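*Asks:* sequence unavailable; structure follows:
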């Protein structure tokens, strides 16, 4: 996207519904909404705890994206689409992403739960004036619930829970009528899922609670209907009390069938089948975290995506690792890496090798690799050893697990986190292989990227084998029969061990580049 764009569209590819917002940019970090559209797609419908997207759900989702793209095209608005729990958890999510690209012309980013919370936070701050106050943010979606503690635009802690209105409906309320014990079972499950996080929330504390999502607005509408007054044109900044939530839950439970719930005052009939599960999640949030009153926000993920995209675009490449991502990578490294200076030096060596190799002529394997690849390499190098705090043996596998399951990494899509985690996984031992499940799930371009970057990282790690920064620089040059990497020592340091270690790790680099690679001490 060009830095001078005037309009922009964001699509929230949710578990229950898809939301489109088209906006006109009015300032450096401001926008004015032109169009809003919503379609209830139920992408995460069906049994199986959303492990697979059904063919009919994929078809509905792609058709919805196609229509939304047509609406965005009216205002010549470039589209950024982000997908949440239903897509990120599905084993076959690549099918949906590929179909969206090929049939609807929409590139869908699959984002992590913590990144989802960060983007929702950005959106909420545009609608509710709580920037200077410490807030607890709650967003209840179809497949997950995001909880975040934030202050002055920064996330102090964030967590994504597999608690969603669609997910828990499938699990506890699958039929048209309530079964005895289903409500108490659902309540118990919600409390047990949320309670381990209560101590961390209490440790940070909060001054105000803010909620976003269709579920929270549905509960607010039902609470307001009890007053008998005219419903507001907007529920933004509407205040829900703990008593309001309890009363709405009682009202929903007292209507034992979906048909009866659909007739309740204030409730959109289209939400009647999933609203009970959503309301019980909200009730659990109030009780678990000690919320007495919650302020509703009309803005959520899609508006956060708009603002994030504006910030990315005005700052350069859409996919670059912004400051928030760099900080989160550094934070994870600081928590888990006992030798951060070694990792930082390896990262510098890896980037120097990358720059030197990319600049060479006639190396087809490196064509098209730009700043995003460079920054993935840096992050992978900085995090390659975070698994060491578990054990040295197989620590590359532990590093993959730590990165892949971290609640710290923000500012990255789920696919970007996967690439970084795989770079850490392949920094030693086995090279990437098709039989490795995680590697096999990548698209072909990303598989190539992981192979190239992990090959460079392996050599860079060898160049600091002594862990005392004996190598000062590298210089790459192209020769008829291959590539030569000249290794420059720091002062008069002996680099025999570094040359040997790097040479032992060059096989994958030769394979991906398709030519001989020689490492020599600079003369």
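*Replies:* Thanks, I have the structure now. No experiment lies behind these values; they were computed from the predicted model shown.

*Asks:* packing partners of whichever strand or helix holds residue 220?
*Replies:* In the assignment (DSSP states H and E), residue 220 maps to helix 214-226. Identification of packing neighbours for helix 214-226 by 3 or more CB pairs under 8 Å, 6 or more residues apart in numbering; DSSP states H and E yields strand 135-140, strand 239-241, helix 242-253, helix 275-289, strand 293-296. The way it works is simple: take the backbone N, C-alpha and C, and place the C-beta from them, glycine included.

*Asks:* give the rounded mean pLDDT of it.
*Replies:* If you average the pLDDT over helix 214-226, you get 95.

*Asks:* which residues touch that helix?
*Replies:* Applying CB atoms under 8 Å, 6 or more residues apart in numbering, the contact partners of helix 214-226 are 16-17, 138-141, 165, 231-232, 235, 238, 240, 244-245, 247-248, 251, 264-268, 271, 274-275, 278-279, 281-282, 294, 296.

*Asks:* could you find the closest non-adjacent residue to residue 421?
*Replies:* residue 403 (3.9 Å; CB to CB, 6 or more residues apart in numbering).

*Asks:* all the strands of the stretch 1-150 of the chain, residue numbers only.
*Replies:* Assigned by DSSP state E, counting those that start in this stretch, the strands in the stretch 1-150 of the chain fall at 7-13, 17-25, 31-40, 79-83, 108-110, 135-140, 145-151.

*Asks:* what is the mean pLDDT for the fifth one?
*Replies:* For strand 108-110, mean pLDDT is 94.

*Asks:* try the longest one
*Replies:* Averaging pLDDT along strand 31-40 gives 91.

*Asks:* tell me the buried residues in it?
*Replies:* Residues 31, 34, 35, 37, 38, 39, 40 are the ones in strand 31-40 that count as buried (16 or more other CB atoms under 10 Å).

*Asks:* contacting residues around the fourth one?
*Replies:* So the one you mean is residue 37. Residue 37 makes contact with 19, 20, 67, 68, 71, according to CB under 8 Å, 6+ apart.

*Asks:* most neighbours of all the residues you listed, which one?
*Replies:* Comparing those by number of neighbours (other CB atoms under 10 Å), residue 68 comes first, having 26 neighbours.

*Asks:* per-residue confidence at that residue?
*Replies:* Here the pLDDT value assigned to residue 68 is 97.

*Asks:* all numbers from here: first residue = 62
*Replies:* Sounds good: first residue 62 from here, last item residue 129.

*Asks:* bridged to the residue lying closest to it once chain neighbours are set aside, which residues?
*Replies:* Closest residue to residue 129 apart from its sequence neighbours, by CB to CB, 6+ apart: residue 81 at 4.3 Å. Beta bridges link residue 81 to residue 72, residue 98, judged by DSSP bridges.

*Asks:* so residue 81 makes contact with residue 72?
*Replies:* Yes. With contacts counted by CB atoms under 8 Å, residue 81 reaches residue 72, the gap being 5.1 Å.

*Asks:* list the residues that contact both of these two?
*Replies:* Common neighbours of residue 81 and residue 72 (criterion: CB under 8 Å, 6+ apart): 129, 363.

*Asks:* ok so, going back, most packed of the helices and strands packed on helix 275-287?
*Replies:* Among the helices and strands packed on helix 275-287, strand 196-201 has the highest mean neighbour count (mean count of other CB atoms under 10 Å), at a mean of 26.

*Asks:* packing partners for that strand?
*Replies:* Contact here means 3+ CB pairs under 8 Å, 6+ apart; on that basis strand 196-201 packs against helix 174-185, strand 206-212, strand 269-273, helix 275-287, helix 336-350.

*Asks:* hmm, try it at 10 Å
*Replies:* Other helices and strands packing on strand 196-201, by 3 or more CB pairs under 10 Å, 6 or more residues apart in numbering; DSSP states H and E, are helix 174-185, strand 206-212, strand 215-222, strand 269-273, helix 275-287, helix 336-350, strand 354-357.

*Asks:* can I get these in a markdown table with distance to residue 244?
*Replies:* Below are the helices and strands packed on strand 196-201 laid out as a markdown table (distance: least, CB to CB, whole Å):
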| stretch | distance to residue 244 |
| --- | --- |
| helix 174-185 | 26 |
| strand 206-212 | 18 |
| strand 215-222 | 19 |
| strand 269-273 | 21 |
| helix 275-287 | 16 |
| helix 336-350 | 7 |
| strand 354-357 | 22 |
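
*Asks:* and these: which comes nearest residue 502?
*Replies:* Nearest to residue 502 among those is helix 174-185 (18.5 Å), distances taken as CB to CB.

*Asks:* now do that closest one against strand 215-222, angle only.
*Replies:* 130 degrees (axes from the mean of the first three to the mean of the last three CA atoms, to 10 degrees).

*Asks:* now residue 391: closest residue in space that isn't a chain neighbour?
*Replies:* Among residues not flanking residue 391 along the chain, residue 443 sits closest, at 7.2 Å (CB to CB, 6+ apart).

*Asks:* check residue 462 too.
*Replies:* Using CB to CB, 6+ apart and skipping residues adjacent in sequence, the residue nearest residue 462 is residue 448, 6.9 Å away.

*Asks:* number of residues surrounding residue 353?
*Replies:* Neighbour count for residue 353, taken as other CB under 10 Å: 9.

*Asks:* can you list the weak-confidence ranges in the stretch 312-461 of the chain?
*Replies:* Across the stretch 312-461 of the chain, the ranges flagged by pLDDT under 70 are 375-385.

*Asks:* just the helices in it please.
*Replies:* All helices of the stretch 312-461 of the chain, identified by DSSP state H, counting those that start in this stretch, fall at 319-322, 336-350, 362-376, 384-397, 401-419, 432-444, 456-465.

*Asks:* now these as a markdown table including distance to residue 245?
*Replies:* Formatted as a markdown table, the helices of the stretch 312-461 of the chain follow (distance: least, CB to CB, whole Å):
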| stretch | distance to residue 245 |
| --- | --- |
| helix 319-322 | 18 |
| helix 336-350 | 10 |
| helix 362-376 | 31 |
| helix 384-397 | 39 |
| helix 401-419 | 49 |
| helix 432-444 | 43 |
| helix 456-465 | 35 |
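
*Asks:* any buried residues in stretch 575-584, and which?
*Replies:* Counting neighbours by 16+ other CB under 10 Å, one finds that the buried residues in stretch 575-584 are 576, 578, 580.

*Asks:* and that stretch, how far from the chain's centre?
*Replies:* How far stretch 575-584 lies from its chain's middle: 39 Å, per CA atoms, centre = their mean, to the nearest Å.

*Asks:* which ones among the buried residues of stretch 575-584 lie within strands?
*Replies:* 578, 580 (DSSP state E).

*Asks:* just send the buried residues of stretch 575-584 back as a markdown table, with distance to residue 155 and pLDDT too.
*Replies:* Listed next are the buried residues of stretch 575-584 as a markdown table, based on distance: CB to CB, whole Å; pLDDT from 0 to 100:
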| residue | distance to residue 155 | pLDDT |
| --- | --- | --- |
| 576 | 32 | 95 |
| 578 | 32 | 96 |
| 580 | 37 | 96 |
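
*Asks:* nearest to residue 185 among the buried residues of stretch 575-584?
*Replies:* Among those, residue 578 lies closest to residue 185 (CB to CB), at 50.5 Å.

*Asks:* for residue 137, which non-adjacent residue is spatially closest?
*Replies:* With sequence-adjacent residues excluded and distances taken as CB to CB, 6+ apart, residue 137 is closest to residue 68, at 6.1 Å.
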